[in-house]
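Chemist: let me see the structure of the following:
(one chain, ligands or ions: 1)
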Amino acid sequence: MNPFENARSIILGTGSCAPENVVTNEDISRRVETSDSWIRERTGICERRVASDGESTADLALEAARKALRHAGVSPSDLDGIIVATATPDLTFPSTACLVQGKLEIPGTFAFDVNAVCSGFMYALKVADSMIRSGQSETLLVIGAEVMSRFVDWSDRSTCILFGDGAGAIVLGKSGNENAAGVGAVSLHADGRYWDLIHVPGGGARSPVRPGEPAGNACTVRMKGSETFRMAVRTLEESVREVLKEEGIGVDDVDWVVPHQANIRILQALSERLNIPLERFVINIDRYGNTSAASIPMALDEAVRDNRIRPGQRILLTAFGSGVTWGSGLVNWTRKSGEER
Ligand code: UT7
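Modeler: Numbers count the residues shown, from 1 in each chain. Have a look, this model is predicted:
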């Protein structure tokens, strides 16, 4: 008999971190031709956090990780590995996960980054969950962290209004066979034919930043907003339905949807298509904007800590992003999640 047949992963603790520096819509409207009302109505964003000079993705990731470890009652030395989802790493290499591992002073623990941009946390969760289910690992740190503000053209009103910085983390542990508690079905998808819907053209091997040459705007986000919007709504709905089908449950069985926070209108459309009221969505885009891979674990942490998410509930996570990539997953929240451990 396979001893790991019934092994599942459960979330033992959550944590998040946002830079202190708040940038309001009014602040942005002083730099580009836009207005607070346009940004609120078209995106749902009121303000976002922007990292200060010297504050990096690894710094935010580390702080979120420390909070998640404390929340879980797990010490860094108990970790088997660290997976960081980010599209805005501190360095081209080594990985941000290695930088976090170094600061946590746990040499030997494996560490790597996953890049699926705004869907990155779903990808990292699936990898970590699979490692625990297969018996390769028992306790993992999964982080989504971004400093998008350094990759935004602050003179482009169609993108600079959207993004913000932050990090969220979970500690994932191994459960026994506890009535299917923990991470359930997770579906992942990508369609690389649409790589240019949201991309950063420069800084990679195709268009490197060369010594002595100014990086210019090549290292900033380009986005086809309305095409992205339409594709996001369609694929999010499809992948949510796929997960519900795999779990054998209906929309009424879902207590909370914790979505990637890209645009409030995307979430409204998703809510209508799925027939899940928006009141059952955890939404913080008004305060943080789109923090890419950080957005799901940041929203999750907020809802766990203010007790919206409680043991016994079913939590649906769903994301769409550059690649294009998308994915959804179901988490059966357990008593072992958070303070009750
Ligand atoms: O994280 C996952 C990836 N990202 C997303 O999912 C983002 C998806 N897309 C969106 O959220 C929306 O497409 C945007 C918020 C980016 C844009 O909203 P939209 O309703 O799709 O606007 P649009 O791009 O169709 O532009 C409508 C008008 C244009 O003017 P004209 O051509 O109609 O005269 C734009 O130039 O709005 C103009 N516009 C603005 N006006 C004021 C674009 N950005 C702004 C702005 N302020 N910041």
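
Chemist: which parts of the stretch 151-300 of the chain are helices?
Modeler: For the stretch 151-300 of the chain, the helices defined by DSSP state H, counting those that start in this stretch occupy 157-160, 225-247, 264-274, 285-288, 295-305.

Chemist: nearest to residue 327, out of those?
Modeler: helix 225-247 (5.9 Å; Cβ to Cβ). C-beta coordinates here come from the backbone N, C-alpha and C atoms, glycine included.

Chemist: what sits up against that closest one?
Modeler: 158-159, 184-187, 189, 194, 197-198, 250-251, 253-254, 257, 259, 262-263, 265-266, 269-270, 273-274, 316, 318-320, 324, 326-330 (Cβ atoms under 8 Å, 6 or more residues apart in numbering).

Chemist: and those residues, which are buried?
Modeler: Among the contacts of helix 225-247, those scoring as buried are 159, 184-187, 189, 194, 197-198, 254, 257, 259, 262-263, 266, 269-270, 274, 316, 318-320, 324, 326-330 (criterion: 16 or more other Cβ atoms under 10 Å).

Chemist: on that earlier part again, just the helices of the stretch 151-300 of the chain: most buried one?
Modeler: Mean neighbour count (mean count of other Cβ atoms under 10 Å) peaks for helix 295-305 among those, with a mean of 26.

Chemist: got any ranges where this protein has weak pLDDT?
Modeler: 1-6, 177-180, 215-216, 335-341 (pLDDT under 70).

Chemist: what about the strands in this protein?
Modeler: 8-17, 22-24, 47-49, 81-85, 110-114, 139-147, 165-175, 182-190, 198-199, 222-223, 256-259, 314-321, 325-332 (DSSP state E).

Chemist: of the contacts of helix 225-247, list those near the ligand.
Modeler: 158, 198, 262, 263, 266, 320 (Cβ under 6 Å from any ligand atom).

Chemist: what's near enough to touch the third one?
Modeler: To tie it back to what came earlier, the one meant is residue 262. 118, 162, 232, 285, 290, 295, 320, 321.

Chemist: apart from its chain neighbours, what residue comes closest to the second one?
Modeler: Put plainly, it is residue 162. residue 290 (4.9 Å; Cβ to Cβ, 6 or more residues apart in numbering).

Chemist: residues from the stretch 1-150 of the chain in reach of the ligand?
Modeler: Counting by Cβ under 6 Å from any ligand atom, the stretch 1-150 of the chain sits next to the ligand at 34, 38, 39, 42, 43, 118.

Chemist: can you tell me how far the second one is from residue 49?
Modeler: Distance check for residue 38 against residue 49: by Cβ to Cβ, to the nearest Å, it reads 21 Å.

Chemist: so the two - more neighbours on which side?
Modeler: The neighbour comparison of residue 38 against residue 49 (other Cβ atoms under 10 Å) goes to residue 49, with 22 against 14.

Chemist: how about the contacts made by that one?
Modeler: By Cβ under 8 Å, 6+ apart, the neighbours of residue 49 are 18, 19, 20, 21, 22, 23, 164, 165, 166, 288.

Chemist: rerun that using 6 Å as the cut-off
Modeler: Taking Cβ atoms under 6 Å, 6 or more residues apart in numbering, we find residue 49 in contact with 18, 19, 164, 165, 166.

Chemist: give me the beta-bridge partners of it?
Modeler: Assessed by DSSP bridges, residue 49 has beta-bridge partners residue 22.

Chemist: and the gap between it and the ligand?
Modeler: 16 Å (Cβ to the nearest ligand atom, to the nearest Å).

Chemist: which phi and psi does the residue in the stretch 1-150 of the chain that the ligand sits nearest to have?
Modeler: Residue of the stretch 1-150 of the chain nearest the ligand, by Cβ to the nearest ligand atom: residue 34 (3.2 Å). Dihedral pair for residue 34: phi -160, psi -180, per degrees, to the nearest 10.

Chemist: correct me, but it touches residue 157?
Modeler: Yes: when contacts are counted by Cβ atoms under 6 Å, residue 34 is listed as touching residue 157 (4.8 Å).

Chemist: now do the contacts for the residue positioned nearest the centre of the chain.
Modeler: For the chain, the residue nearest the mean C-alpha position is residue 293 (3.0 Å; Cα atoms, centre = their mean). With contact taken as Cβ under 6 Å, 6+ apart, residue 293 is in contact with 85, 86, 120, 121, 144, 146.

Chemist: run the last query once more with 10 Å
Modeler: The neighbours of residue 293, taking Cβ atoms under 10 Å, 6 or more residues apart in numbering as the test, are 57, 84-88, 113-124, 143-146, 148, 166-168, 260, 319, 321.

Chemist: just the buried residues from these, in ChimeraX please.
Modeler: Burial among the contacts of residue 293 is assessed by 16+ other Cβ under 10 Å; the matching ChimeraX selection reads:
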select :57,84,85,86,87,88,113,114,115,116,117,118,119,120,121,122,123,124,143,144,145,146,148,166,167,168,260,319,321
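
Chemist: what about whatever residue of the stretch 151-300 of the chain ends up closest to the ligand, distance to residue 198?
Modeler: With Cβ to the nearest ligand atom as the measure, residue 225 is the residue of the stretch 151-300 of the chain nearest to the ligand, at 2.9 Å. Counting by Cβ to Cβ, the separation of residue 225 from residue 198 is 9 Å.
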